[in-house]
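# sequence first, then the predicted structure:
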Amino acid sequence: MPINIPRELPAKTILENERIFVMDDLRAVSQDIRPLNIVILNLMPEKEKTETQLLRLLGNSPLQVNITLLYPATHETKTTSQIHLDQFYKTFNEIRHRKYDGMIITGAPVEQLPFEHVDYWPELSEIMDWSKTNVTSTLHICWGAQAGLYHHFGIEKYDLPEKCSGVFRHHLLDEPIKLLRGLDDQFCSPHSRHTDIHKEAIEQHPDLMLLSHSDEAGVYLVMSKDERFIFITGHPEYDAETLQQEYIRDIQRGMDAQAPVHYFPENDPNNKPIKTWRSHAYLLFMNWLNYYVYQETPYVWE
């Protein structure tokens, strides 16, 4: 079944060219089915790229999914046109009265700032509080995961001596968790961040479960014990070229950037990257949609 997105959203053409099943909003109204309603709080600077990456994964499901795109009204976006935001995005005040089956909070390039110094932190905190009563399941990605762990559970982040950038091998912990069904015992996923969280802080917290970690990149998958909140510290939604683009950007900015590890064939930045995490990303998002959104959400919100 398809994801339901606005007819003019740029991601629609890209996904259709990849043979991803999408349905525009005009056709969707004729479907006699209770679709899932997912809100994506997009905090990434290049919003159109992130839209496409996430919609690609959400489209690989037998469920019809309605998407609402959200951005923080208290932050001035410099890398996405206001026309695009006005046409396709909502603000929190516009949707705070609604109930959603699922929510995704993306990463953001602000991880080196203390949380309280991020200009939209008060708004984000309000949204995360709202998600406890208005959303069945919330998926947090990268900085969004660190923000959620800090806000909901008091888990602090810490600065890394150098950026964690690359594609790392991860291990599943022996937990009978539905989110992990079908995942290989070892799998790859990208990371791109300057901060981390302590594994011991997760393991010692009475309300959290550590599901997966990497010997090199640290904590990867965390879930609250009530299964309402899921935290992914990496970027399984990334395209094959995303880490390469970030590396080139950092070099052009004059930064002393190191090439992403385990990413370029033969560790040579001149070689074209190979995507080794596609199946993991699809299965992870499908498990979330099925087991924690579709299977848990009420048919009619009260």
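Perfect, I can see it now.
# could you pull out the helices for the stretch 201-302 of the chain?
Taking DSSP state H, counting those that start in this stretch as the test, the helices found in the stretch 201-302 of the chain are 242-252, 278-287.
# cool, the stretch 51-200 of the chain as well?
82-88, 92-95, 121-134, 143-153, 199-204.
# give me the contact list for the shortest one.
In this structure, residues lying in contact with helix 92-95 by CB atoms under 8 Å, 6 or more residues apart in numbering are 39, 68, 70, 72, 73, 123, 126, 127, 130. Any C-beta I mention is one placed from the backbone N, CA and C, and that applies to glycine too.
# for that helix, what is the average pLDDT?
Averaging pLDDT along helix 92-95 gives 97.
# list the buried residues for it?
92, 95 (16 or more other CB atoms under 10 Å).
# again, but for the longest one
Taking 16+ other CB under 10 Å as the basis for neighbour counts, the residues of helix 121-134 that come out buried are 121, 123, 124, 127, 128, 130, 131, 134.
# quick one: which of those residues is nearest residue 199?
The closest of these to residue 199 turns out to be residue 128 (CB to CB; 22.8 Å).
# wait, what's in contact with the closest one?
Neighbour list for residue 128: 105, 138, 147, 148, 151, 152 [criterion: CB under 8 Å, 6+ apart].
# nearest to residue 290 among the residues you listed?
Taking CB to CB as the measure, residue 138 is the one of the contacts of residue 128 closest to residue 290, at 15.9 Å.
# could you tell me how many residues sit around the closest one?
Counted with other CB atoms under 10 Å, the neighbours of residue 138 add up to 27.
# one more: residue 12?
20.
# and the buried residues of helix 121-134, which two are furthest apart?
121 and 134 (19.6 Å).
# any low-confidence regions in the stretch 1-150 of the chain?
1-5, 18-33 (pLDDT under 70).
# same question, the stretch 151-300 of the chain
When residues are selected by pLDDT under 70, those of the stretch 151-300 of the chain lie in 299-300.
# distance of the residue nearest to residue 272 when sequence neighbours are not counted from residue 258?
Nearest residue to residue 272, sequence neighbours excluded (CB to CB, 6 or more residues apart in numbering): residue 265, at 7.4 Å. Relative to residue 258, residue 265 is positioned 17 Å away (CB to CB, to the nearest Å).
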